[in-house]
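could you look at this predicted model? Sequence included:
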Amino acid sequence: MSRSVLVTGGNRGIGLAIARAFADAGDKVAITYRSGEPPADLVSLGVLAVRCDITDAEQVEQAYKEIEAAHGNVEVLVANAGITRDQLLMRMSEEDFTSVLDTNLTGTYRVVKRANRGMLRAKKGRVVLISSVVGLLGSAGQANYAASKAGLVGFARSLARELGSRNLTFNVVAPGFVDTDMTRALTDEQRAEIVAQVPLGRYAQPEEIAATVRFLASDDASYITGAVIPVDGGLGMGH
Ligand code: NDP
């Protein structure tokens, strides 16, 4: 059955792989993108690309209106858009902190809250939030990012309790290090150090995160809610 799926930040990296996975499975997929142009292959797959900055509530509202007009209410939401602004705490400006929280945590609140409207009416819905192993383990130089990603866990679990009786599920995927623009910004030395700590000894490919997201949105995951699923090559074991 073809569902209306929305992936935020679906123009590159993990979000792009997630959007492709749902589109390949025959779902009606919409992505939001903030800058640039959406990849041509997505558009030719029939994916609807809507420009939207999730730090702006008005743009979120407009994006939903456009998506609902084309695909109907969003039935599966993947809140993926996120940023880093790494800095040691003593050098971290308030702007470094609040901009990361505003995108990763409050931005997720904006898109989830808006999606829930239609999901409540339909009495079903699947929400998957993209957190990070860093939200569970902590990471020197990433206090803002780790706080935002840990916040997603409390957010999802609260909503799982609030809205479970309405047949809505809220789950969190916590990727380890994934080969995308975000991690390509690291130096070779930093990358080698990270890989040395990963039991599987490599970075994930974005498609490996997408497969777990698809599972959580599938009928096979009908009794899973409030879960945090690590996809991290073993990096966060026990967290
Ligand atoms: P990328 O930097 O490759 O892509 C980030 C995406 O988020 C882009 O589509 C970007 O849009 C979008 N985005 C950023 N800010 C906003 C905003 N204000 N409004 C709308 N869209 C926005 O990151 P990844 O693909 O690597 O990461 C995707 C998610 O996975 C993030 O939440 C990240 O924290 C998480 N993650 C990544 C890991 C990794 O190792 N790569 C590990 C664990 C978690 P634009 O192209 O316009 O900038």
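Great, that's in hand.

quick one, strands of the protein?
4-7, 28-33, 48-51, 76-79, 125-130, 168-175, 228-231 (DSSP state E).

how much space separates the residue of the chain most remote from its centre from residue 141?
In the chain, the residue that sits farthest from the middle, by Cα atoms, centre = their mean, is residue 90; the gap is 28.6 Å. Per Cβ to Cβ, to the nearest Å, residue 90 is found 11 Å from residue 141. Quick note: C-beta positions are derived from backbone N, CA and C, even for glycine.

got it, and residue 199?
Relative to residue 141, and taking Cβ to Cβ, residue 199 is found at 23 Å.

and for residue 186?
11 Å.

is any residue of the longest helix along the chain near the ligand?
Determined from DSSP state H, the single longest helix within the chain is helix 143-163. No: using Cβ under 6 Å from any ligand atom, helix 143-163 never reaches the ligand; the gap is at least 6.7 Å.

next one, pLDDT for the spatially most central residue of the chain please.
Compute the mean C-alpha point of the chain, and by Cα atoms, centre = their mean the closest residue is residue 80, 2.0 Å away. Here the pLDDT value assigned to residue 80 is 98.

what do you get for the one 3 residues further on?
At residue 83 the predicted local confidence, pLDDT, stands at 97.

can you pull the pLDDT of the residue lying closest to it once chain neighbours are set aside?
Distances taken as Cβ to Cβ, 6 or more residues apart in numbering put residue 103 closest to residue 83, at 4.9 Å, once the chain neighbours are dropped. With respect to pLDDT, residue 103 scores 98.

could you do residue 177 as well?
pLDDT for residue 177: 95.

OK, contacts around it?
Residue 177 makes contact with 133, 183, 194, 195, 198, 203, 204, 232, 233, 235, according to Cβ atoms under 8 Å, 6 or more residues apart in numbering.

of those residues, grab the buried ones for ChimeraX.
Those of the contacts of residue 177 that count as buried under 16 or more other Cβ atoms under 10 Å are selected in ChimeraX with:
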select :133,183,198,203,204,232,233,235
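
where do the helices sit along the protein?
13-24, 40-44, 57-71, 94-101, 107-122, 133-137, 143-163, 181-184, 188-197, 206-216.

so what's the residue count around the nearest residue to residue 161 once chain neighbours are set aside?
Excluding the flanking residues, the one nearest residue 161 by Cβ to Cβ, 6+ apart is residue 226, at 7.2 Å. Number of residues near residue 226 (other Cβ atoms under 10 Å) recorded here: 16.
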